[in-house]
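Engineer: quick one: sequence and predicted model below, then my questions.
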Amino acid sequence: MNTRILLFILLAGLSTHLCAQPNAYLYVQHPQLFRSGSGTIEDAVVAMTPNGSFMKYDVTMTFSARNVTTFSPNDSVEVQYSYSLPPESVVNDLWLWVGNELSRGLILERATASATYEGIVKRRRDPAFLQKTYEDNYKLQIYPMAATGTRTVKFSYVTPLKRADGQWRADIPGYLFRSSFVPLQSVRVIYYAPSVSHIPSIINDTRIGFTPWTDSLTRVAAWKCDIPSSVFALSDPGIAVPVNDAADYVVTKFSAPTGGTYQVMLDPFAVLGVNTSRRFLIAIDYDSIKTTLTRSAYIEAVKSMLKSRCTGKDSFNVIFDSWQRSGEKWFAADSAGIASAFSKLGAETIPNGSNIPGLFMNAVEFLNSHGANASILLLAASDKLGTPQAADPVITWLRLKLPAGTDVHIVDVNNRNYMSMFINGRHYFANQYFYNIVKSMTGGSSRSLMYGTDPGTLLNDAMTALRGGLTSLDIQMNVEDGFTYSKYSYGIKQYQTVLTSQQVGQIGKYVGSGAMSMEVGGFYRGQPYQKKFAIPAASITPTDSTLRAVWVGRSIADIEWLYTNTPDAIKMMTDDCLRERIVCRYTALLALEPGDTLVIAKNETPIFVTNASTDGQIPGSYQVASAYPNPFNPSTTLRVRLPKGVRAQDATLRIYNMLGQVVKTFDAAGLTSDANREFRWDAVDDSGRRVSSGMYLFVVITPGARHTVKLMLLK
């Protein structure tokens, strides 16, 4: 087998299992010959639309095979793009550009979609195929693409908002574009704000910002930002997302006649009023032979951590030798306190040579003199305590002398010239033997520069661990005249601690009506916290049925990869995903060439499904009309949102058959341009009679425009 193909297969296999960090791989190959190479993303646009407590993403990319020298100009090649998404994400749409026309993906059972795609590849048509490969990993295939040409595709997904550093935020998925062989110069981000006062901003980066922008096709006002590659090349930038009254929680609700779906995302520490301020000693150990960092870099990393992760309610001191420290008091972790603590501490005052036992002796002396109930944060570059002979006496001393309740958190920056050894059948690097015992003995933590990332991130993570977290956290949502059920949690797992940097939440169903309330409870450092309060109606954001689709995706994610699923469970999951247009283990999206016909065998009867184009209209995040499921049987939901400036009394909603006859008319009263409204069509005409299977047109007529959705009724 070709070595490059084998390498790609190995990478793709790893990507389906090592998905702790989002990733993407882009590959282009000839489907019949052993010619292949890395693909290039020529252009990328990310459209973001906030919807309550989650964000909708529409990602448009143009692929090419330039710089792949193994292809000839006449080759037709296949694009293979594998990528992961953040946990809890739901993929629900796919669009393929075919010349100047657009083809929207059909949601199908995965086996049908896969077989259809493979058949089309053999007859050289124009499909795109999107499937879920494992947990949060997906694979997009497009065929054919001329070796000297391009193909453009868009996929859509929704994911919950995040809470970080006191802000609600949404990440810009820059990692999706770092897989390009030829790096992108910039990525355009379009932000569809729900109101004129909803102004987005790039977090922690004042070099770039959003400017007003209007979609040339839909005339919808939005915000635009072109993010250069220097910003997203190494990490993903984030957008600060305004929410209701900057609350510590966000509640979103989709109402149905007898109940509905809700979602809540919250900062549990703020809601419960938990005081997370801490006292801690920073112990600095340095050896230039063992780390690539300079002493100046040490100091700057510590100061940056204090400024970004601490407040004046925290207090600290710095120890940098067996007898030297910043002062004989606790310093407040505000700007004045940080300046005072570091006024006499410079690179030249930090000894060059490891002395971890001396640092601990200094720390114990200070704690005994100035009050215990504190933590120790050790920043070290050493391997002098890597063997049991060297480490065990220090561990014994710590057991005897370290004040009770003192947790030790270690950031190991030894990244060169370190020892490697086996102790009791286990492999250790540098001081890992010592660090592992100390963190377990004190209830602390450890992290190492040898495993990637940077010292600033390691220190921030250590500070999060130092603050500790909530245990046995529980959220209970209540409805005044009903109850909630079928609930799934975000960020809360049994026997796991919720740290201060984590967001938590819950999505569930409810029946009944009336006011909603929330009860939150948990333990922080052994102290119970509990709060119950009513949720003001103004703090609940109404949304559309996308929330119901998110609930379906979340519920299925819990069970779809359990290989003990019964046929009934598989059918239930498949039906739910087909109804809500969700890509799961048992479904896939397939975009055909406009006018192409797909033959599906149903109960041994062939059914012909034609994938129609969109008459050249490029779909944006703002669509006037849509339908799901489509094809459908026995019913479909029609979603309508009027264009800006159009009144309900000026709109007409009708369904026509292919002879141009009016089949069904809907009342447009109550339609607005601010939110979607849904109509259910049970395949009956205005007289209540069932209509026959076949193609129908759902048409929204407004002054100066007609918006058409082709419907396919299957029986």
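Structural biologist: The structure has been received and is ready for your questions. Every value quoted in this text rests on a predicted model; they were computed, and no experiment measured them.
Engineer: what's the burial count for A651?
Structural biologist: A651 sits with 20 neighbouring residues when counted by other Cβ atoms under 10 Å. Using the backbone N, CA and C atoms, a C-beta is placed for each residue, glycine as well.
Engineer: tell me the contacts of it?
Structural biologist: 642, 668, 671, 700-702 (Cβ atoms under 8 Å, 6 or more residues apart in numbering).
Engineer: find the nearest non-adjacent residue to E560, please.
Structural biologist: Once flanking residues are discounted, E560 sits nearest to R585: 4.4 Å by Cβ to Cβ, 6 or more residues apart in numbering.
Engineer: would you mind naming the helix or strand containing the spatially most central residue of the chain?
Structural biologist: Geometric centre of the chain, nearest residue: P86, 3.0 Å, by Cα atoms, centre = their mean. Counting by DSSP states H and E, no helix or strand carries P86.
Engineer: list the contacts of it.
Structural biologist: With contact taken as Cβ under 8 Å, 6+ apart, P86 is in contact with 22, 136, 159, 171.
Engineer: how about 10 Å then?
Structural biologist: By Cβ atoms under 10 Å, 6 or more residues apart in numbering, the contact set of P86 is 22, 136, 157, 159-160, 162, 170-171, 173.
Engineer: determine which two of those are furthest apart.
Structural biologist: Within the contacts of P86, D136 and A170 form the most distant pair, 16.7 Å apart (Cβ to Cβ).
Engineer: between those two, which is the more surrounded one?
Structural biologist: A170 (23 against 19).
Engineer: OK, contacts around that one?
Structural biologist: By Cβ under 10 Å, 6+ apart, the neighbours of A170 are 48, 50, 54-57, 86, 159-162, 191, 200, 203, 238-241.
Engineer: got it, and V700?
Structural biologist: Here V700 is in contact with 624-625, 638, 640-643, 646, 651-654, 666, 668, 671, 706-709 (Cβ under 10 Å, 6+ apart).
Engineer: where does M572 fall, phi/psi-wise?
Structural biologist: The phi and psi values for M572, taken as degrees, to the nearest 10, are phi -60, psi -50.
Engineer: around it, how many other residues sit close by?
Structural biologist: Residues lying near M572 (other Cβ under 10 Å) number 14.
Engineer: right, and it touches T566 too?
Structural biologist: Yes. Applying Cβ atoms under 10 Å, one finds M572 in contact with T566, separated by 9.3 Å.
Engineer: can you give me the strands in the stretch 151-300 of the chain?
Structural biologist: Secondary structure of the stretch 151-300 of the chain (DSSP state E, counting those that start in this stretch): strands at 162-164, 167-171, 186-191, 201-202, 211-214, 221-228, 238-240, 249-256, 259-266, 279-284.
Engineer: just give the nearest non-adjacent residue to A297, would you?
Structural biologist: Distance criterion Cβ to Cβ, 6+ apart; nearest residue to A297, sequence neighbours excluded, is P455 at 7.2 Å.
Engineer: and the one you found, how far from I556?
Structural biologist: Look at P455 and I556: by Cβ to Cβ, to the nearest Å, they are 40 Å apart.
Engineer: equivalent analysis for W330, please.
Structural biologist: 51 Å.
Engineer: neighbour count winner among those two?
Structural biologist: Using other Cβ under 10 Å, the more surrounded residue of W330 and I556 is I556, with 23 against 19.
Engineer: residues in contact with the more buried one?
Structural biologist: So I556 contacts 90, 569, 572-574, 576-577, 580, 582, 584-587 (Cβ under 10 Å, 6+ apart).
Engineer: check the strands of the stretch 151-300 of the chain for me: which has the lowest mean pLDDT.
Structural biologist: For the strands of the stretch 151-300 of the chain, mean pLDDT drops lowest on strand 162-164, to a mean of 73.
Engineer: picking that back up, out of the contacts of I556, who's nearest V182?
Structural biologist: V90 (31.3 Å).
Engineer: give me the nearest residue to that closest one, chain neighbours excluded.
Structural biologist: Using Cβ to Cβ, 6+ apart, the closest residue to V90 is G553 (3.5 Å).
Engineer: next helix or strand past the helix or strand hosting T541?
Structural biologist: With secondary structure defined by DSSP H and E, T541 is part of strand 540-542. Next helix or strand after strand 540-542 toward the C-terminus (DSSP H and E): helix 546-557.
Engineer: biggest separation within the contacts of A651, which pair?
Structural biologist: Most distant of these, by Cβ to Cβ, are L671 and I701, 12.3 Å apart.
Engineer: now the common contact residues for those two.
Structural biologist: Counting by Cβ under 10 Å, 6+ apart, the residues touching both L671 and I701 are 650-651, 653.
Engineer: how many residues are close by the closest residue to I395 other than its chain neighbours?
Structural biologist: Spatial nearest neighbour of I395, excluding adjacent residues (Cβ to Cβ, 6+ apart): I437 at 5.5 Å. I437: 18 surrounding residues under other Cβ under 10 Å.
Engineer: mind listing what I437 touches?
Structural biologist: 385, 388, 391-392, 394-395, 398-399.
Engineer: ok, of these, which one's closest to L359?
Structural biologist: The closest of those to L359 turns out to be V394 (Cβ to Cβ; 10.6 Å).
Engineer: checking the closest one next. Helix, strand or coil?
Structural biologist: Under the three-state scheme (DSSP: H, G, I helix; E, B strand; the rest coil), V394 adopts helix.
Engineer: and the nearest residue to it once chain neighbours are set aside, what's its pLDDT?
Structural biologist: Spatial nearest neighbour of V394, excluding adjacent residues (Cβ to Cβ, 6+ apart): P357 at 5.2 Å. Per-residue pLDDT puts P357 at 96.
Engineer: P357 should be in a strand, yeah?
Structural biologist: No. Applying three-state DSSP, one finds P357 to be helix, outside a strand.
Engineer: I'd like to know how many residues surround it.
Structural biologist: 16.
Engineer: more neighbours, L671 and I701?
Structural biologist: L671 (24 against 15).
Engineer: hmm, the more buried one is touching L638, no?
Structural biologist: No. Judged on Cβ under 10 Å, L671 makes no contact with L638 at a distance of 11.6 Å.
Engineer: residue boundaries of the helices in the stretch 1-150 of the chain?
Structural biologist: Taking DSSP state H, counting those that start in this stretch, the helices of the stretch 1-150 of the chain run over residues 3-15, 110-122.
Engineer: output the last one as CSV, nothing but the C-alphas.
Structural biologist: Put plainly, it is helix 110-122. C-alpha atoms of helix 110-122 as CSV (Å, rounded to 0.1, in the frame of the first residue of the first chain):
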residue,chain,number,x,y,z
ARG,A,110,-26.8,5.8,7.0
ALA,A,111,-26.7,2.5,5.1
THR,A,112,-28.9,3.9,2.4
ALA,A,113,-26.9,7.1,2.1
SER,A,114,-23.5,5.2,2.1
ALA,A,115,-24.6,2.7,-0.6
THR,A,116,-26.0,5.6,-2.7
TYR,A,117,-22.8,7.6,-2.4
GLU,A,118,-20.7,4.7,-3.4
GLY,A,119,-22.9,4.0,-6.4
ILE,A,120,-22.8,7.6,-7.5
VAL,A,121,-19.0,7.7,-7.2
LYS,A,122,-18.9,4.8,-9.7
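Engineer: quick check: mean pLDDT of that helix?
Structural biologist: The predicted model assigns helix 110-122 a mean pLDDT of 75.
Engineer: so what sits opposite Y485 in the bridge?
Structural biologist: K509 (DSSP bridges).
Engineer: number the residues from 16 up from this point.
Structural biologist: Okay, using 16 as the starting number, the last item reads as Y500.
Engineer: how confident was the prediction at it?
Structural biologist: Looking at Y500, its pLDDT is 94.
Engineer: what's the separation between it and L514?
Structural biologist: Taken as Cβ to Cβ, the span from Y500 to L514 is 29 Å.
Engineer: for S303, same thing?
Structural biologist: From S303 across to L514, the span is 33 Å (Cβ to Cβ).
Engineer: out of those two, which sits in the more crowded spot?
Structural biologist: L514 (16 against 12).
Engineer: that one touches R482, doesn't it?
Structural biologist: Yes. The pair L514 and R482 qualifies as a contact (Cβ under 10 Å) at a distance of 7.3 Å.
Engineer: shouldn't the residue nearest to I410 be within a helix?
Structural biologist: Yes. Assessed with three-state DSSP, I452 lies in a helix.
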